[in-house]
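Trainee: sequence? don't have it. structure:
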């Protein structure tokens, strides 16, 4: 009997496999971290072969840990760090370069060059995205330009490009596939046709033969051809933030979630019509189930949130583990006037300032490490407030009738009670954490399970979602205003640091 669904979650810092039951509860987890490679300032890479070895390992480990047999798995879903770009040889399967990670900024000059006289919004109407180092298309172009012979080999059809979902799928099944959510993060897919745009590919210098086939987010793609899950169908693919949105049951226009991970990513379901943003947000595909119309979202992407805690721990050595930051921050009543703006890779949504770099502002002799710990956490909440303000402005200017009344949250930082309360305070709306916090993997599991009939429809997903804890705002309007004024001052100090 097929009792479970498995999800592969190939993330920025680790690869995991999680097994879920019909209620969406976790039955077993296996996880392996991979190395973060920093060849130069602003450059971030991963070893794709190491990631695949880790992925292959966790497939067997999760069955053993959960006490589950392979023949009890109905389907496998895949979710992945988006925009991270890998190119490999079609015959040997060997990467021709390390994967270039979504945080990497080496394509800053290329993005300006591609914009030309039109600027960063040159392709936004077709792709929903501003020209930025963030997206996969410029990263692919960089690899073709800088790896010896890559451009010629690509034009000869010898190479494959993919975001990490395609790399995992290739190794699992031998198929060169992506889904609409990941394709929508490349700057090469037309947001309305949901196909590769030949004009965009030509202007980016990308031959179409290198691109994977675009499929829906929920259908049977192929069976796994070897290993502990051989013969099990892979039936769902969603980029990680779209997967979390799906796992949070944000299935109705106006519902939003915020994931607190390496960075923060807020998605607002806008229904079956793509909504252009005039306030610094991305228009992206949220999901597409089989042959049903695609559902779109407005997204606010923040580069550095959880990774700021990691920096506080590893680079400054002020805490020994991430868990230590909350009690340290709680030992003081406020931030002491200190603000940390973590523009390590520039600023993402809604400001899009690649010239920005991080600052610590408002320092006095009064400020100690506890105040800085609090400023680290508060920066995540402030950046989220900026995204919410942009979403409200887009909704109002386009008469969408969408108003955020509650924020569903997930990810590694939502166990931090101090942060969640401050987030509710600075947004002035309730913040709700679900019982099952593994919403990214759960979303991929749902997509795969729906495709094979393990779940009968999206009503099952809604029925599975239950709240664990809700934080209500308690901050006065005056305090909120003063915090936001000071935060904006700090952010403006980051501008024009890089020429």
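Mentor: Structure received. Since we're looking at a predicted model, the values are computed, not measured.

Trainee: so the residue of the chain positioned farthest from its centre, which of the three states?
Mentor: Centroid-distance maximum for the chain: residue 365 at 38.0 Å, with C-alpha atoms, centre = their mean. The three-state label given to residue 365 by DSSP: H, G, I helix; E, B strand; the rest coil is coil.

Trainee: change the start of the numbering to 349 and stick with it
Mentor: Right, with 349 as the first residue, what we last looked at is residue 713.

Trainee: Mind giving me the packing neighbours of the lengthiest helix in the chain?
Mentor: Longest among the helix segments of the chain by residue count, using DSSP state H, is helix 717-745. With contacts defined as 3 or more C-beta pairs under 8 Å, 6 or more residues apart in numbering; DSSP states H and E, helix 717-745 has these neighbours: strand 604-608, strand 612-619, strand 643-650, helix 654-662, helix 673-678, strand 687-689, helix 765-775, helix 825-840. C-betas here are computed from N, CA, C, even on glycine.

Trainee: got those as JSON lines, with distance to residue 507 columns?
Mentor: Output for the helices and strands packed on helix 717-745, formatted as JSON lines (distance: least, C-beta to C-beta, whole Å):
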{"stretch": "strand 604-608", "distance to residue 507": "32"}
{"stretch": "strand 612-619", "distance to residue 507": "30"}
{"stretch": "strand 643-650", "distance to residue 507": "28"}
{"stretch": "helix 654-662", "distance to residue 507": "31"}
{"stretch": "helix 673-678", "distance to residue 507": "43"}
{"stretch": "strand 687-689", "distance to residue 507": "39"}
{"stretch": "helix 765-775", "distance to residue 507": "43"}
{"stretch": "helix 825-840", "distance to residue 507": "41"}
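
Trainee: would you list these in CSV and tack on mean neighbour count and mean pLDDT?
Mentor: Output for the helices and strands packed on helix 717-745, formatted as CSV (neighbours: other C-beta atoms under 10 Å; pLDDT from 0 to 100):
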stretch, mean neighbour count, mean pLDDT
strand 604-608, 27, 89
strand 612-619, 25, 89
strand 643-650, 26, 90
helix 654-662, 19, 91
helix 673-678, 19, 95
strand 687-689, 24, 96
helix 765-775, 21, 95
helix 825-840, 14, 96
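
Trainee: what sits against residue 540?
Mentor: Contact analysis of residue 540 by C-beta atoms under 8 Å, 6 or more residues apart in numbering lists 474, 622.

Trainee: Quick one: low-confidence residue ranges for the stretch 549-698 of the chain.
Mentor: The model of the stretch 549-698 of the chain has no residue with pLDDT under 70.

Trainee: Now do the same for the most centrally placed residue in the chain: helix, strand or coil?
Mentor: Residue closest to the mean C-alpha point of the chain, counted by C-alpha atoms, centre = their mean, is residue 589 at 4.3 Å. Classification of residue 589 by three-state DSSP places it in helix.

Trainee: What sits closest to it if chain neighbours are left out?
Mentor: Leaving aside its chain neighbours, residue 589 sits nearest to residue 613 (4.1 Å; criterion: C-beta to C-beta, 6 or more residues apart in numbering).

Trainee: hang on, residue 549 packs against residue 556?
Mentor: Yes - between residue 549 and residue 556 a contact is recorded at 5.6 Å, counting by C-beta atoms under 8 Å.

Trainee: and stretch 495-502, which residues are buried?
Mentor: 498, 499, 501, 502 (16 or more other C-beta atoms under 10 Å).

Trainee: which two in those are spaced the farthest apart?
Mentor: 499 and 501 (7.4 Å; C-beta to C-beta).

Trainee: now the strands for the stretch 399-548 of the chain?
Mentor: 421-428, 433-437, 447-448, 507-511, 525-527 (DSSP state E, counting those that start in this stretch).

Trainee: quick one on the thing from earlier: just checking, which of the buried residues of stretch 495-502 belong to helices?
Mentor: Counting by DSSP H, the buried residues of stretch 495-502 place 498, 499, 501, 502 in helices.

Trainee: quick one: which of the residues you listed is nearest to residue 511?
Mentor: When those are compared against residue 511 (criterion: C-beta to C-beta), the nearest one is residue 502, at 16.4 Å.

Trainee: residues contacting the closest one?
Mentor: 435, 492, 509, 554, 555, 557, 558.

Trainee: For these, give me CSV that also has neighbour count.
Mentor: Output for the contacts of residue 502, formatted as CSV (neighbours: other C-beta atoms under 10 Å):
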residue, neighbour count
435, 24
492, 25
509, 27
554, 22
555, 17
557, 14
558, 22
